[in-house]
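1. Predicted model and sequence below, questions to follow.
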Amino acid sequence: MFKKTLSVLSIATLAVSVAACGSAKDTKTSGGSTAPTDNKQAEANKPKPEFKALIQYGRFDPNAEYTAKYLNEKTGYKTTYDMLPVENFDEKLNLLMANKEPYSFMILNATQYSKLAAAGALEPIDELVNKYGTNMKNVISQASWNGAKMNGKIYGVPHGGTGVVNLGMFVRQDWMDELGLKVPTTRDEFYTVLKTIKEKKNVIPLTGGKAPMVEQIATSFGVTTTWNESNGKVTHMVENPGIKPYLAFMKKLYDEKLIDPEWSINQSNKVIENFTSGKAAMMQNGYYNAPSITTALAKNFPNGKIGILPPVKGDSGKAAAVSTGGITWYTAIPKWAENKEEIIKYLDLKLDKDIFKGLTIGQEGVHHKMENGNYVPILPKFNDDLNNGSGFLTGVDEKNYPIYWQARVRKDPVLTDAYTKIQENAKGSTVIDPLAFAPPIDAIAKNAQKLNKFMEDTFIKYIAGAEPLDNYDKFLAQWKADGGADMIKAANDWYATTKK
């Protein structure tokens, strides 16, 4: 439920080092282009420049990958790749930037993007995208472009889009059937199911660990994402009017032994162990863990069955499910790169409908096939050629990528079933954090980690009764004083820019 340094080289030093590199108007940064010619054929036949790219770490050789060769063939541009290391990657990136390594483009995380843009190490691409980014402008949403803006300019192609619902309430369906329990659709019905399981099976009805927020319960109180929007203003979860009723409900479950008494100390592996060993009837988990959970349960209970419950309705009469989404990466061009116009043309060409489809799910009849209107992988060819394909993305078709991507969850029938069930349960009720598409915000980056821990530790105390919920106003005041107020102001400052 909770959202997504320049340490070797200072920002100031980096800013000075790139100041003399010129601007997009210099001959070098404009791709060395000559005056326009009427001979379009000659222009088309002109040899295309070769590119060198820096991508994030992966356990594969990018230059030997099927995807790299596919892109070279389909675009006509030859690109070779370097990777950041698995450790000390920021330090390595800083060193590469200080040395002005001749990369054509780089795939950066949010922090890297923010710091390099602030240091003046990245080329603003607004004009280049407007002139050469026809595909980009068609398939990347305005929300994603807004999330790439730093001080009013765009310094990278955002990899954005709405995602999927990851979490579901896993339940021992065989026990539900044994007790004649129907799928609960309201919070009261969910509570009754927990009580019945406790009384009849004498197990932990709901196991969990560490994190105090159980998405399938919290959403029934209107507590969904970390940030919420109302009447043009952004507020944090700690000020959500449903948060205190949620914590009170969780304390009620704790007091009645309907949730795990060791909630505050359980690690994720212990939660799964409780469920698969028969000590607990329910747990919140991700669809991606369904195969391993099913295998572990089958070892202990060969006839055991897993079900996934839908989000339950609360006082509003509506259910809600939290969808992932937002910007995951940025593709940026160093200030000193040559052939910037050609680079944008290449990045745009990768978003051509046919090329992008081939990049993500390969060739029909070879890598995938259509079944009942769905893309299904052909194994093992799909994995052999495309398992590392996401490492070559430099932007996504936000409408079609989620559809293509589903081929990956159809590699295992258990995974497919869990994924499909969770998405069906959430249909028509998904919500997304209003800051999902925000660029890195300094005040949030500075304070979020420590304040999230403060919040989680305090909420666990409320649930376990170690601290009375009557102290909530005191907690909220402390949370704001320790940086929360700065986060809220910065979030609203950014959100206001999206309305202009």
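-> Cool, the structure landed. Numbering: from 1, shown residues only.

2. From here on, just use CA atoms for contacts and neighbour counts.
-> Fine.

3. Give the bridge partners for Ile306, please.
-> As for beta bridges, Ile306 partners with Arg172 under DSSP bridges.

4. That one against Trp175, yeah?
-> No - the pair Ile306 / Trp175 is not scored as a contact, 9.4 Å apart, by CA atoms under 8 Å.

5. Looking at those two, which is more packed in?
-> Neighbour count, other CA atoms under 10 Å: between Ile306 and Trp175, Ile306 has more, with 20 against 17.

6. OK, contacts around the more buried one?
-> Ile306 makes contact with 170-174, 294, according to CA atoms under 8 Å, 6 or more residues apart in numbering.

7. Now do the buried residues in the longest helix along the chain.
-> The residue-count maximum for a helix in the chain (DSSP state H) belongs to helix 442-464. When burial is assessed from 16 or more other CA atoms under 10 Å, helix 442-464 yields the following buried residues: 443-444, 448, 451, 455-456, 458-464.

8. gap between it and the chain center?
-> Chain-centre distance of helix 442-464: 20 Å, with CA atoms, centre = their mean, to the nearest Å.

9. residues contacting the residue nearest to Gly365 when sequence neighbours are not counted?
-> Closest residue in space to Gly365, ignoring its immediate chain neighbours: Ile378 at 7.8 Å, by CA to CA, 6 or more residues apart in numbering. Applying CA under 8 Å, 6+ apart, one finds that Ile378 lies in contact with 365-369.

10. ok, Gly163 to Leu351 distance?
-> In this view, Gly163 and Leu351 are 19 Å apart by CA to CA, to the nearest Å.

11. between the two, who's got more neighbours?
-> Leu351 (25 against 15).

12. Distance of that one relative to Ala117?
-> The gap separating Leu351 from Ala117 is 24 Å, by CA to CA.

13. cool, and Val171?
-> For Val171 relative to Ala117 (CA to CA), the value is 47 Å.

14. who has more neighbours, those two?
-> For Val171 and Ala117, the more surrounded residue by other CA under 10 Å is Ala117, and the numbers stand at 25 against 21.

15. Pull the distance from stretch 104-124 to the chain's centre.
-> With CA atoms, centre = their mean as the basis, stretch 104-124 stands 19 Å off its chain's centre.

16. ugh, wrong one, I meant stretch 319-335
-> Put simply, stretch 319-335 sits 6 Å off its chain's centre (CA atoms, centre = their mean).

17. Likewise for stretch 315-334?
-> 7 Å.

18. measure that stretch end to end?
-> One end of stretch 315-334 sits 52 Å from the other (CA to CA).

19. List the buried residues in it.
-> 318-334.

20. for stretch 89-100, same thing?
-> Neighbour-count burial for stretch 89-100 flags 90-95, 97-98, 100 (criterion: 16+ other CA under 10 Å).

21. Which of the helices and strands in this protein ranks last by mean pLDDT?
-> Lowest on mean pLDDT, DSSP states H and E among the helices and strands of the chain sits helix 11-19, with a mean of 44.

22. Show me the strands in the stretch 251-400 of the chain, by range?
-> 280-286, 306-309, 321-322, 329-332, 368-371, 374-377 (DSSP state E, counting those that start in this stretch).

23. mind checking which of those is nearest Ile403?
-> strand 374-377 (7.9 Å; CA to CA).

24. name the helices or strands packed onto the closest one?
-> strand 368-371 (3 or more CA pairs under 8 Å, 6 or more residues apart in numbering; DSSP states H and E).

25. again, only using 10 Å
-> Helices and strands touching strand 374-377, by 3 or more CA pairs under 10 Å, 6 or more residues apart in numbering; DSSP states H and E, are helix 353-361, strand 368-371, helix 401-405.

26. buried ones in that strand?
-> So for strand 374-377, counting by 16+ other CA under 10 Å, buried means 375-377.

27. next one: stretch 199-217 to chain centre, how far?
-> 26 Å.

28. Just the endpoints, please. Distance across it?
-> First residue to last in stretch 199-217 (CA to CA) measures 21 Å.

29. what comes up buried for that stretch?
-> Of all the residues in stretch 199-217, those buried under the rule 16+ other CA under 10 Å are 203-217.

30. Give me the mean pLDDT for it.
-> Per-residue pLDDT over stretch 199-217 has a mean of 95.

31. ditto for stretch 96-115
-> Mean predicted lDDT for stretch 96-115 stands at 95.

32. Repeat that for stretch 445-457.
-> Stretch 445-457 carries an average pLDDT of 93.

33. Pop the domain breakdown of the chain in here.
-> 11-162+326-403, 167-322+441-497 (automatic domain parsing).

34. what distance separates the first one from the centre of its chain?
-> Which is domain 11-162+326-403. Taking CA atoms, centre = their mean, the mean C-alpha location of domain 11-162+326-403 is offset from the chain mean by 19 Å.

35. Kindly report the same for the shortest one.
-> On the basis of CA atoms, centre = their mean, domain 167-322+441-497 sits 19 Å off its chain's mean C-alpha point.

36. list residues touching both of Ile306 and Trp175?
-> Shared contacts of Ile306 and Trp175 (CA atoms under 10 Å, 6 or more residues apart in numbering): Ala281.

37. Can you tell me the element Asn138 falls in?
-> Element membership for Asn138 (DSSP states H and E) is helix 134-139.
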